[in-house]
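> quick one: sequence and predicted model below, then my questions.
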Amino acid sequence: MKMWAYACLYCVLVVVFPALAGAGTVAAADRNRRCDDVFQAAVAGKNHLPGDDQFAIATDGSAPWRALPQYPSAIRVGVWGDSHTASGSFVDAMLQAWGFPADGTRAGYVQAAIGLPGVRLGIARTCLTKGWSLHFAYRSSAQETGFTSTLVKLKSEANDEMLVLDFPGADGAPAPQWLNIHLHKPDPDASLILGISINGGPEAAPLVLEGAVQALQVLPDTEIRTLRLRLIAGELGITGFEPVYRSTPKLLFDIFSTPGAQSKGWSQKKIKPVSMHYDLVVFQYGANEAPSDSYQPEHYAVALRKELRQFRAIYPKSRCVVIGPPDRVGLVQGGKHIDYPARHQSISKVQALVSPEFGCEYWDWQKAMGGPKSVSAWAKRAEPLAQPDLMHLTSQGYVESARLFAASIRRPTLQAK
């Protein structure tokens, strides 16, 4: 068998409900060691248990996929936004403030932003080889296809590129019984060949996917603690991973926020939903729209209406909350002076005006912090709530923001499906 040389871009060590003081970050050397361990376990079968490698594969047209449990008694929350919600500190504290117990909360859908710093994926850790690239809806042209409502694709067309997902297992948060892998196959007429192994076992026979396959389901005899996927031949896009748990969680949360994101990602055509129902959807944008030299409130209002129109068309029955940008002070790169407190206030006013038109509640983050220029006071506290860049908050600042949010916005409940 060919020897592999692996490069780990980034590994995120998080658990489903980390300590709220920024837990989950590990030193670079330890990160690389953990990646090496995961690759070695996946390739060499370290810690392999008898029967662990027995699994079936079903594509999106087969009976097991159609019979996917929908967890009718679980509340489901989806969060879309930028770096202010991507790390998970705000979301974790929000759920805690609403009284959702950590031991009953699970990641319902894992976005494909593997290797992207500052993103909470909701699984133990991830590793991937160097031939993958991330594509974001807000950066892409209107001609690029294949985006789902995760707004992110992980792509490769290089043979023998791999990725590994490492789930907690029975000693931590429950690992999934099944795993649904959502795909984008750019050319339906071309063959796509994948190799899959689980729990450190040997790779199964190559999986040849023909036609317009959009998802496949891994169905083992036991829980999935580690999954390795190898691109043998073809062009592959991955839009997300959906764990299927043996028991019904009390709450499923999906974080689809990424650093730098703008709401214009929702202007992409033919975005496909990743879940047909959420009890609450959170739309958190605005901070990355503020630096634009061409910002005008009336133009932003037109764009926001277009974006919220598509967002609500995909999730028409879900309760909706729009969150504005937090306060910010500082200079944009290049030395151009922008009155950020005033700019964020302008964006917030537009969002507050437009949100009700689409049946969405609105929470003014800047106002909750104390209004324009309040971020400076947050940074000067004995325990700082804002970072020195006066743009991002500290972990405790996001916790405090989430507490204020949860006090203003009613706790989500089960909606009619």
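Here it is on my side, so go on. Numbering: from 1, shown residues only.

> so which bits of stretch 395-402 are buried?
For stretch 395-402, a neighbour-count test (16 or more other C-beta atoms under 10 Å) marks Ser395, Gln396, Gly397, Tyr398, Val399, Glu400, Ser401, Ala402 as buried. No exception for glycine: its C-beta is placed from N, CA and C like everyone else's.

> and it, average pLDDT?
On average, the pLDDT along stretch 395-402 is 98.

> dump it to CSV, keeping only the CA atoms.
The C-alpha trace of stretch 395-402 is given here as CSV (Å, rounded to 0.1, in the frame of the first residue of the first chain):
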residue,chain,number,x,y,z
SER,A,395,-14.8,35.0,25.4
GLN,A,396,-16.4,36.6,28.5
GLY,A,397,-17.7,39.5,26.3
TYR,A,398,-19.5,37.0,24.1
VAL,A,399,-20.9,35.3,27.2
GLU,A,400,-22.2,38.6,28.5
SER,A,401,-23.6,39.5,25.1
ALA,A,402,-25.4,36.1,25.0
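
> any idea how far it is from the chain center?
Its chain's average C-alpha position is 19 Å from that of stretch 395-402, according to C-alpha atoms, centre = their mean, to the nearest Å.

> rewinding a little: of the buried residues of stretch 395-402, which belong to helices?
When DSSP state H is applied, the buried residues of stretch 395-402 are split such that Ser395, Gln396, Gly397, Tyr398, Val399, Glu400, Ser401, Ala402 fall in helices.

> can you list these in TSV and add distance to Ala303?
Rendered in TSV, the data for these read as follows (distance: C-beta to C-beta, whole Å):
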residue	distance to Ala303
Ser395	32
Gln396	33
Gly397	28
Tyr398	27
Val399	31
Glu400	31
Ser401	25
Ala402	27
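
> which outside residues touch stretch 379-397?
20-22, 83-84, 87, 89, 287, 326, 328-330, 375-376, 378, 400-401 (C-beta atoms under 8 Å, 6 or more residues apart in numbering).

> give me the distance between the two termini of it.
The straight-line separation of the ends of stretch 379-397 (C-alpha to C-alpha, to the nearest Å) is 9 Å.

> swap in stretch 326-343?
Stretch 326-343 has its terminal residues 11 Å apart, counting by C-alpha to C-alpha.

> can you give me the pLDDT of the residue most central in space within the chain?
In the chain, the C-alpha closest to the average C-alpha coordinate belongs to Phe256, at a distance of 3.3 Å (C-alpha atoms, centre = their mean). pLDDT recorded at Phe256 is 97.

> how close does it sit to Thr59?
Taking C-beta to C-beta, to the nearest Å as the measure, Phe256 falls 24 Å from Thr59.

> picking that back up, from the buried residues of stretch 395-402, pick the one nearest Val79.
For the buried residues of stretch 395-402, the minimum distance to Val79 (C-beta to C-beta) is 11.2 Å, reached by Ala402.

> which SS class is the closest residue to that closest one other than its chain neighbours?
Computed as C-beta to C-beta, 6 or more residues apart in numbering, the closest residue to Ala402 that is not its neighbour in sequence is Ala93, at 3.5 Å. Under DSSP: H, G, I helix; E, B strand; the rest coil, the three-state class of Ala93 is helix.

> what do you get for Ala142?
Classification of Ala142 using three-state DSSP returns coil.

> per-residue confidence for it?
The predicted local confidence for Ala142 comes out at a pLDDT of 80.

> give me the neighbour count for the closest residue to it other than its chain neighbours.
Spatial nearest neighbour of Ala142, excluding adjacent residues (C-beta to C-beta, 6+ apart): Lys269 at 6.3 Å. A total of 10 residues lie near Lys269 under the criterion other C-beta atoms under 10 Å.

> how near is Lys269 to Phe241?
The value you get for Lys269 to Phe241, if C-beta to C-beta is used, is 24 Å.

> which parts of stretch 242-261 are buried?
Across stretch 242-261, burial judged by 16+ other C-beta under 10 Å covers 242-245, 249, 251-259, 261.
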